[in-house]
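Asker: This is a predicted model, with the sequence first.
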Amino acid sequence: MPSKKYQLDKYRNEAVKPDFEIVVDAETSILIRMPTVDEVIDLNDITDIRAQLQILAKDQYERLMEVISDDPGAMLQPLMNDMLKHFGLGK
């Protein structure tokens, strides 16, 4: 029998993060909800950046792409890194 027990609720509670808010302009924000365990597992299996962004942005993907698709490409990786960091998943 294990000498110490680990409570699943502890991990759940520590993992809860607020939405990631992308401020588009003074009146508009895009809110990205934290990814689920299934989504994180999917992220780790995918190297395609568009597919990764679709998983992260969920139902906000189309709106986000409307806003950023004409921006310089070099802004995408820092944005995704910030999302991952905010949700406790990366750098």
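Answerer: The structure has been received and is ready for your questions.

Asker: Is residue 21 in a helix, a strand, or coil?
Answerer: Look at residue 21: counting by DSSP: H, G, I helix; E, B strand; the rest coil, its state is strand.

Asker: what's the neighbour count on it?
Answerer: 11 (other Cβ atoms under 10 Å). Where C-beta positions appear, they are placed from N, C-alpha and C, glycine not excepted.

Asker: Excluding residues flanking it in the chain, which one is nearest it?
Answerer: Among residues not flanking residue 21 along the chain, residue 29 sits closest, at 5.1 Å (Cβ to Cβ, 6 or more residues apart in numbering).

Asker: Run through the bridge partners of that neighbour.
Answerer: Beta-bridge partners of residue 29, counted by DSSP bridges, are residue 23.

Asker: What is the burial count for it?
Answerer: Neighbour number of residue 29 under other Cβ under 10 Å is 11.

Asker: Over to residue 69?
Answerer: 7.

Asker: Quick one: residues contacting it.
Answerer: Residues counted as contacts of residue 69 (Cβ atoms under 8 Å, 6 or more residues apart in numbering): none.
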